[in-house]
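Participant: A predicted structure for the sequence below; I have some questions about it.
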Amino acid sequence: MNPDKIRSVLNILFMILALASIIIYFAAKDDFKLFIYVCGAAIFVKLMEFFIRFTNR
């Protein structure tokens with residue numbers, strides 16, 4: 001698969017997870033652990049995209 005397509009999919013997934021983490025932060029104030037998990041997943045996806053971007057040059 002083309003690395004640019006993989007990067008695009010990972011960027012879209014990151015944006016969805018980032019938006020979900022913001023919604024969870026404001027909606028579920030008593031469940032902070034869920035926010036941490038979703039935010040951590042978003043950061044992990046962004047790091048994977050970052051490594052793909054700089055290893056394919």
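Facilitator: Thanks, I have it. Numbers count the residues shown, from 1 in each chain.
Participant: what does residue 29 show for phi and psi?
Facilitator: The phi/psi pair for residue 29 (degrees, to the nearest 10) reads phi -70, psi -30.
Participant: look up how far residue 40 lies from the nearest residue to residue 38 once chain neighbours are set aside.
Facilitator: The shortest distance from residue 38 to any non-neighbouring residue, by C-beta to C-beta, 6 or more residues apart in numbering, is to residue 21 (4.4 Å). Every C-beta, even on glycine, is put in place using the N, C-alpha and C of the backbone. Distance, residue 21 to residue 40, by C-beta to C-beta, to the nearest Å: 9 Å.
Participant: higher neighbour count, those two?
Facilitator: Taking neighbours as other C-beta atoms under 10 Å, residue 21 and residue 40 compare with residue 21 leading, 19 against 12.
Participant: next structured bit after the one helix or strand the more buried one maps to?
Facilitator: Assigned by DSSP states H and E, residue 21 falls within helix 3-27. The first helix or strand that comes after helix 3-27 along the chain, using DSSP H and E, is helix 32-55.
Participant: what comes up buried for that following helix?
Facilitator: Neighbour-count burial for helix 32-55, counted by 16 or more other C-beta atoms under 10 Å, picks out 35, 38-39, 41-42, 45-46, 49.
Participant: now that helix and helix 3-27, what's the angle there?
Facilitator: 160 degrees (axes from the mean of the first three to the mean of the last three C-alpha atoms, to 10 degrees).
Participant: I'd say residue 53 and residue 6 touch.
Facilitator: No. Using C-beta atoms under 8 Å, residue 53 is not in contact with residue 6, being 10.0 Å away.
Participant: can you pull the buried residues of stretch 7-22?
Facilitator: By neighbour count on 16+ other C-beta under 10 Å, the buried set for stretch 7-22 is 7, 10, 13-14, 17-18, 20-21.
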